[in-house]
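structure for the following, please:
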Amino acid sequence: MNNIGVILAAGSGSRTGLSTPKQFLPLGGKTVLEHSVQTFNNHPSIDQVVIVTAPEFMERVKAIVKENGWSKVTAVLAGGKERYDSSLAAVRYFADCPDAVMLFHDAARPLVSERIISDALKAMEQYDAVDVAIPAVDTIVQCDREGTFMESIQDRSLLWRMQTPQGFRQKTIEKAYCIALKDHNFTATDDCGTVLRYLPDVKVGIVRGSERNIKLTYADDLSLLEFLLSEPER
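Next comes the predicted model:
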């Protein structure tokens, strides 16, 4: 079985409010990107890793790969404007490997653990698509589109907060996007959402994530990540 880690690192990180894209921000003596890639590169069940980044960052990422000597990183691919463009770049790169297991991971989640990766790969023995998620602990309300008033309160026991990695058979995610791209109303920020919408017969398994596996979105998140990095995972 070919297990592939796909690190999505094409974002500009505009919401951080910083001039440096978030995947290149320093964290514990490394960049955020290095933490994410290192965990996949070191995982014994990951066969290869590809990094998808913006065209203007490709040489920078290649230099980071060389500096770290990551033996499993086989390619640095150019992503696109939308997140799904980056996913598609990896899907198409492995077009000749339809049965490969692809784990798509946001570079901005630098504290992904070996345990999460292992559990995702294990779940892929049963499912053709899996998502890493954690149960919602807050009450979730549905509002109107403008966010001015509450419409309903969702059943919290049924709600989970999605993380990454998200896993797929290459042929499954390729088929989902093949159908999606023919839909003129297609919009997506999430690969699992594309499978749910366009391949409704495919069950998406759930893998328990971690509160440590947070996404760097705002500048203040760096402080929390630094703290979590200094604390051993329990």
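
determine whether the claim that Leu33 is in a helix is correct.
Yes. Judged by DSSP: H, G, I helix; E, B strand; the rest coil, Leu33 forms part of a helix.

contacts only, for it.
7, 9, 23-24, 51, 61, 64, 107, 110 (C-beta atoms under 8 Å, 6 or more residues apart in numbering). Using the backbone N, CA and C atoms, a C-beta is placed for each residue, glycine as well.

now swap in Thr53 and tell me
Contacts of Thr53 by C-beta under 8 Å, 6+ apart are 9-10, 23, 61, 76-79.

tell me the two of the contacts of Leu33 that are most distant?
For the contacts of Leu33, the maximum inter-member distance is 14.9 Å, found between Val61 and Pro110 (C-beta to C-beta).

out of those two, which sits in the more crowded spot?
Higher neighbour count among Val61 and Pro110: Pro110, with 29 against 25, using other C-beta atoms under 10 Å.

tell me who's in contact with that one.
27, 32-33, 35-36, 216, 225.

name the nearest residue to it, ignoring sequence neighbours.
Spatial nearest neighbour of Pro110, chain neighbours left out: His35 (3.5 Å); criterion: C-beta to C-beta, 6 or more residues apart in numbering.

so which of the contacts of Leu33 are in helices?
Those of these mapping onto helices are 61, 64, per DSSP state H.

got a markdown table for the contacts of Leu33, with pLDDT and distance to Glu233 too?
Output for those, formatted as a markdown table (pLDDT from 0 to 100; distance: C-beta to C-beta, whole Å):
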| residue | pLDDT | distance to Glu233 |
| --- | --- | --- |
| Ile7 | 98 | 20 |
| Ala9 | 95 | 23 |
| Gln23 | 95 | 22 |
| Phe24 | 95 | 25 |
| Ile51 | 98 | 24 |
| Val61 | 97 | 27 |
| Ile64 | 98 | 25 |
| Ala107 | 97 | 20 |
| Pro110 | 97 | 13 |
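
what about Glu82, how many neighbours?
For Glu82, the neighbour count with other C-beta under 10 Å is 13.

let me fix that, I meant to ask about Arg161.
The number of residues near Arg161, taken as other C-beta under 10 Å, comes to 14.
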